[in-house]
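Enquirer: Provided below are the primary sequence and the corresponding predicted coordinates.
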Amino acid sequence: MTRGLAPLSALQTAAAIRAGETTALAECEAAIARIEVGDGEINAVVVRDFDRARAAARALDAAGPGDPSDQPLFGVPMTVKESFDVAGLATTWGYPEHADHHPAADAMAVRRLRRAGAVILGKTNVPPGLADIQANNPIHGRTLNPHDPERVSGGSSGGAAAALAAGYVPLEIGSDIGGSIRTPAAFCGVWGHKPTFGALAMDGHLFPRTTDPRTVLSVIGPMARDPRDLAAALDVLSDLPLPRAVPREPREYRVAILPEHPLARAARDVRAAVERVGGAFADANARVEHAADALPDLARQQEDYIRMLLAAMARGEAPAGTPPLTPARWAEMRAAQGRSMRAWMRFFDRFDILVAPCWGTTAFRHDDTPMAQRTLDVDGEVTPFGAQLAYPGLATYPNLPATSVPIGRDADGLPVGVQVIAAPYLDHNAIAAASLAHDLTRS
């Protein structure tokens, strides 16, 4: 597919502007040109705000760069997932009935990005209700994977991942409750980070026309073409001063690997990517173990995760065919989650990271069969689609940080990504370990 890659990372772009090698307006215009040339084929950037972006870039150039610690993203052009409020633009979550919903204020994440110097070009595509592993809705249509137009870009942050993979922008923000950052990042060969639950403000990322409180399990987080940008954006967005990554040599890591979940098949190329990461760490003299015996009860976790996920996605209503969501039932669900979180803390007493698939396959072909009836081909075997939620659920249910990192390609040339999961609030450790995994598998 026709596309021109963004030549610089976000941090490199900001540094070049500060050095006088380019300007915020020039970088804004270049990104707009990339979108206008390539996005007719991909359909990732579905809400465009180019005139206001140009005005913002001119204002930055006129003011000049401030303190790099305050504006690490000075002049960086970027897009944001459609589900984030941007003042004056529609926030629909893919629902036609909300096409006329134009919030008056930016989401907290968007405000923080602007304060850090970012220039917002527009918004990227999602599935209705952010409830699918592909980006297709009645308002904006279907987003294609830049690596293969017959394949999905993932979801629900599918437009975000495609915009990065197509090279339009170096930085994006998405959200994740069922792998919605990690899976599209893996499908498109880019980086994504699901933060520790509660670390980043959700204000302005709410179901349209509501003032709902933060949804249990749900987080927002950065997506990028470079892991250093991922870490920088995480600091910009975070409510908390997350601990810095602990410097360590590869041999100092205690690595657990899970090539396949006991309840969900993984394709051979995906399993091989996880094993490749484990082997690379082992070759660097790290302690590497298959994690099955040390992990919490994954079958019980998956059952509890799906129950809580369905309740969260139904926004407090009992999903069809399930008992009413009484306060007592909800309290039991939260207690079960607490037990899982404690079991994971015991796991992280033994290991620094867990490496596992983000999803059991690479990007699958477009499929609009309802998710409850959808199946997935895993190495020629037809398997239940919904079972694959076990992979994102590994980190989502116990509120853990996880970084999606590209690790090579499959036999069809499609990107393969794995996730690196760390202990709560050690988000920067997850990103650093994922970056090291990426480097070690390429050495």
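Expert: All right, it came through fine.

Enquirer: domain ranges for this protein, per the record?
Expert: 10-237, 250-440 (automatic domain parsing).

Enquirer: which of those sits most buried?
Expert: domain 10-237 (a mean of 23; mean count of other CB atoms under 10 Å). For every residue, glycine as well, the C-beta is placed using N, CA and C.

Enquirer: that one spans what distance, first to last residue?
Expert: Using CA to CA, to the nearest Å, the end-to-end distance of domain 10-237 comes out at 15 Å.

Enquirer: what mean pLDDT does it get?
Expert: Regarding domain 10-237, the rounded mean pLDDT is 97.

Enquirer: pLDDT score assigned to the nearest residue to Val216 once chain neighbours are set aside?
Expert: If the residues on either side of it in the chain are set aside, Val216 comes closest to Ala312, at 5.1 Å by CB to CB, 6 or more residues apart in numbering. You'll see Ala312 listed with a pLDDT of 87.

Enquirer: that older thread, now render the domains of the chain as JSON lines, adding distance to Arg244.
Expert: Below are the domains of the chain laid out as JSON lines (distance: least, CB to CB, whole Å):
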{"stretch": "domain 10-237", "distance to Arg244": "9"}
{"stretch": "domain 250-440", "distance to Arg244": "6"}
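
Enquirer: so who does the residue sitting nearest the centre point of the chain touch?
Expert: Nearest to the geometric centre of the chain sits Ile181, at 1.8 Å (CA atoms, centre = their mean). Applying CB atoms under 8 Å, 6 or more residues apart in numbering, we find Ile181 in contact with Ser157, Gly174, Ser175, Gly192, His193, Lys194, Gly221, Met223, Ser404.

Enquirer: and the two most separated of those residues?
Expert: Largest separation among those by CB to CB: Ser175 and Ser404, giving 13.7 Å.

Enquirer: and the strands in the stretch 201-350 of the chain?
Expert: Under the criterion DSSP state E, counting those that start in this stretch, the stretch 201-350 of the chain contains strands at 219-224, 254-257, 287-290.

Enquirer: give me the helices and strands touching the first one, please.
Expert: Contact analysis of strand 219-224 by 3 or more CB pairs under 8 Å, 6 or more residues apart in numbering; DSSP states H and E lists helix 158-165, strand 171-176, strand 191-194, helix 227-237 as its packing neighbours.

Enquirer: so what's the residue nearest to Val190 when sequence neighbours are not counted up against?
Expert: Nearest non-adjacent residue to Val190, counting by CB to CB, 6+ apart: Leu164, 4.4 Å away. Residues near Leu164 by CB under 8 Å, 6+ apart: Pro170, Leu171, Glu172, Cys188, Val190, Met223, Ala224, Arg225.

Enquirer: how near is the nearest residue to Asp49 once chain neighbours are set aside to Leu400?
Expert: Leaving aside its sequence neighbours, Asp49 sits nearest to Gly122 (CB to CB, 6+ apart; 4.7 Å). To Leu400, Gly122 is 32 Å away according to CB to CB, to the nearest Å.

Enquirer: got it, and Val219?
Expert: Following CB to CB, the distance that separates Val219 from Leu400 is 10 Å.

Enquirer: cool, Thr196 as well?
Expert: Thr196 is 7 Å from Leu400, by CB to CB.

Enquirer: joint contacts of those two?
Expert: Pro424.

Enquirer: after the longest helix anywhere in the chain, which helix or strand is next?
Expert: The residue-count maximum for a helix in the chain (DSSP state H) belongs to helix 327-350. Sequence-wise, the next helix or strand downstream of helix 327-350 (DSSP states H and E) is strand 353-357.

Enquirer: give me the residues contacting that next one.
Expert: 253-261, 266, 270-271, 273-274, 277-278, 291, 295, 347, 391, 394, 418-422, 429-430, 433, 437.

Enquirer: contacts only, for the spatially closest residue to Asp148 that is not a sequence neighbour.
Expert: Counting by CB to CB, 6+ apart, Asp148 lies nearest to Leu414, which is 6.3 Å off, once chain neighbours are set aside. The contact partners of Leu414, by CB under 8 Å, 6+ apart, come to Asn145, His147, Asp148, Arg151, Phe187, Thr362, Ala363.
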